[in-house]
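A.B. asks: Here is my input; please provide its structure:
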Amino acid sequence: MSIKVEYISKLYGTQKALDNVSFEVKSGEIVGFLGPNGAGKSTMMKILTCFIPPSAGTAEVFGFDVMKNSLDVRRHVGYLPEHNPLYLDMYVREYLEFIGGMHKIKNTQARVREMVDLTGLTPESHKRIGALSKGYRQRVGLAQALIHDPQVLILDEPTTGLDPNQLAEIRQLIKTIGQSKTVMLSTHIMQEVELLCNRVIIIDQGRIVKDEQTTTLRQSDQQKMVVLVEFDRAPDKQKLERIKGVEQLQAISETSWHVITASDVDIRPAIFQFAVANELTVLQMNREERNLEAIFKDLTKK
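C.D. replies: Okay, the predicted model is just below:
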């Protein structure tokens, strides 16, 4: 087991950032660790990388306890923090050689060349880090996380602030890395999770609210049908809710709603009848596919 977390809690004064969290990650998995801002994602990652201690519970990475064997954990983990701290005055190769030296890597220069090639840094490797674009700085962060050949890679918001071209390149790099290593990444981009991750852990207010294989999570949600309807003016929500077959309503605006029913219920004729009875005009009505973003919103809405 690459990562094993049992009943982890973390308190900041009276605030509970993590509340009795438990999960396991097997070798070779790419796991998306998702949640709204303040849910506890970064706190969990900092515990797994030995930056902060838990208040209660135990966590192991590659068989080493984060409290008792922190140096061993650090040897087996590569970590890219959310804000990617780098020495901006150092040159790319100089910085990677410095990190390699800290890890006591043999033949550091050869390993640096390998990392520069793997992460696509070759065109910019002669520059100071401060002169690089955000995308290339993220590549430097990935290179430093990988340089000691860790078995587990933990990435906190690795694609934040990247343009579409950089996003595609970094995602492909993570996917390639995931073929030989365990990867745990946090992100707010649901499309990224669907493209990269074979498993999703969703955390909200310090507690895990869902832990499923990505395909299983999508398939289980196919039991719902979602219809987007827009009226010419605001309908009476209570009357809309009383339409037979409606399980849930989600307001998009005063006039636009997501109407959720069981998959075997076609609610659209009833919505038209509701509009006629209440002197409303239906401006548009479309059936929508439920994606991971919709599932995430349902699980984490307050």
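
A.B. asks: any idea of the mean pLDDT for stretch 118-129?
C.D. replies: Averaged over stretch 118-129, pLDDT sits at 92.

A.B. asks: Then stretch 269-277?
C.D. replies: 94.

A.B. asks: Now it: buried residues?
C.D. replies: 270-271, 274-275 (16 or more other CB atoms under 10 Å). All C-beta atoms are positioned from the backbone trio N, CA, C, and that covers glycine.

A.B. asks: nearest to residue 99, of those?
C.D. replies: Proximity of the buried residues of stretch 269-277 to residue 99 (CB to CB) peaks at residue 271, which lies at 59.1 Å.

A.B. asks: mind listing what the closest one touches?
C.D. replies: Contact analysis of residue 271 by CB atoms under 8 Å, 6 or more residues apart in numbering lists 227, 229, 243, 259, 282, 285.

A.B. asks: residues touching the third one, list them.
C.D. replies: By CB under 8 Å, 6+ apart, the residues touching residue 243 are 259, 267, 270-271, 274.

A.B. asks: Tell me the confidence at it?
C.D. replies: At residue 243, pLDDT is 93.

A.B. asks: I'd like the distance between it and residue 298.
C.D. replies: For residue 243, the distance to residue 298 (CB to CB, to the nearest Å) stands at 20 Å.

A.B. asks: Kindly report the same for the last one.
C.D. replies: Residue 285 sits 21 Å away from residue 298 when distances are taken as CB to CB.

A.B. asks: ditto for the fourth one
C.D. replies: Shown here: residue 259 relative to residue 298, a distance of 14 Å by CB to CB.

A.B. asks: To what extent is residue 284 buried, counted in neighbours?
C.D. replies: Using other CB atoms under 10 Å, residue 284 has 9 neighbouring residues.

A.B. asks: Dig out what it forms beta bridges with.
C.D. replies: Taking DSSP bridges as the rule, residue 284 bridges to residue 230.

A.B. asks: check contacts around it.
C.D. replies: Here residue 284 is in contact with 228-230 (CB under 8 Å, 6+ apart).

A.B. asks: Local confidence estimate at residue 153?
C.D. replies: At residue 153, pLDDT is 94.

A.B. asks: Quick check on it: phi, psi?
C.D. replies: Phi and psi for residue 153, reported as degrees, to the nearest 10, are phi -120, psi 120.

A.B. asks: And for residue 35?
C.D. replies: phi 170, psi 160.

A.B. asks: Now for the residue lying closest to it once chain neighbours are set aside: which residues touch it?
C.D. replies: Counting by CB to CB, 6 or more residues apart in numbering, the nearest residue to residue 35 once its immediate chain neighbours are dropped is residue 203, at 4.0 Å. Residue 203 makes contacts with 21, 33-35, 39-41, 44, 209, as judged by CB under 8 Å, 6+ apart.

A.B. asks: one more time with 6 Å
C.D. replies: Counting by CB atoms under 6 Å, 6 or more residues apart in numbering, residue 203 touches 35, 39-40.

A.B. asks: ditto for residue 3
C.D. replies: Residue 3 makes contact with 25, 61, according to CB under 6 Å, 6+ apart.

A.B. asks: hmm, back to that, please say which of residue 259 and residue 298 ends up with more neighbours.
C.D. replies: Neighbour count, other CB under 10 Å: between residue 259 and residue 298, residue 259 has more, with 24 against 16.

A.B. asks: Just confirm the more buried one contacts residue 226, I think it does.
C.D. replies: No: if you go by CB atoms under 6 Å, residue 259 and residue 226 don't touch, sitting 7.3 Å apart.

A.B. asks: about what we covered before: got a winner among the contacts of residue 284 for most neighbours?
C.D. replies: residue 229 (24 neighbours).

A.B. asks: distance of it from residue 276?
C.D. replies: From residue 229 over to residue 276 the distance is 13 Å, taken as CB to CB.
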